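Novice: quick check, what structure comes out for this input:
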Amino acid sequence: MKTPYKNIYNILKLNRFIVLTVVIGAVLTCIISVLMVIKLHKETVNNAFVVNSDGSVIPLKLVSQQENLKVEVLAQLELFHTYFYNIDASNYEKNLEKALWLGNSSVDALYRQKKADGVYNRLLQYSLVQKVLNIESKVDIQNEPYKFETKTIFEINRGTITDTYELTTTGNLIHVDRNFPNNTHGLLITNFFESTLRKLENYESRKK
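Specialist: Numbering: from 1, shown residues only. The predicted model follows:
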């Protein structure tokens, strides 16, 4: 008895069905794999991992890292403005030397300009005391270089007369290698600029 031949069209349909099934399955597998990789990447970006002393892995959120960065940026700005503007005849050389470690050529250029203008000579000649009263900074740490704007309130004591001023400075911060004790935060001020300076009247009474 002869074996009947299968219909060629049925065989082709079956083959096409199998091929389409394999292709669709492969596409779905690829899509799922890509989605899993994207998810894993996001989780990795949002977490850092450190190994504890007992060998366990501890996840650290990126948010925490940004919070720590903001603290360091604000601390660096406060440190710099204190060194650069809280000066008198006895400490200005030491303070300015420390301040210059925290900034690039833009800070050095401003220092040289002040020196050429006789700012520090008058400090010595008249025994002036320039004291920082308050420092407030606004920073943007989303992208490096980090932009900042700082308002520094300081007073100049001329003996019988004390005047209070508000100075607004702007610039950027970039990461550099940490250098103890000269630059412990590992941040460098660039594009530093004194934008505005105004005299404050009755600052002490307003503060109260």
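
Novice: alpha carbons only for contacts and neighbour counts from here, please
Specialist: Fine.

Novice: and the helix or strand that contains Gln113, what does it pack against?
Specialist: If you go by DSSP states H and E, Gln113 is part of helix 105-116. Of the remaining helices and strands, those touching helix 105-116 by 3 or more Cα pairs under 8 Å, 6 or more residues apart in numbering; DSSP states H and E are strand 187-200.

Novice: tell me what angle the strand it packs on forms with helix 105-116.
Specialist: For strand 187-200 against helix 105-116, the angle by axes from the mean of the first three to the mean of the last three Cα atoms, to 10 degrees is 40 degrees.

Novice: how distant is strand 187-200 from the center of its chain?
Specialist: In terms of Cα atoms, centre = their mean, to the nearest Å, the centre of strand 187-200 is set 17 Å apart from its chain centre.

Novice: where does Pro181 fall, helix, sheet strand or coil?
Specialist: Per DSSP: H, G, I helix; E, B strand; the rest coil, the secondary structure class of Pro181 is coil.

Novice: ok, it to Leu102 distance?
Specialist: Pro181 sits 11 Å away from Leu102, going by Cα to Cα, to the nearest Å.

Novice: mean confidence score for the longest helix along the chain?
Specialist: Ranked by residue count, the top helix of the chain under DSSP state H comes out as helix 8-45. If you average the pLDDT over helix 8-45, you get 80.

Novice: just the pLDDT for Ala89.
Specialist: Reading off the confidence values, Ala89 has pLDDT 92.
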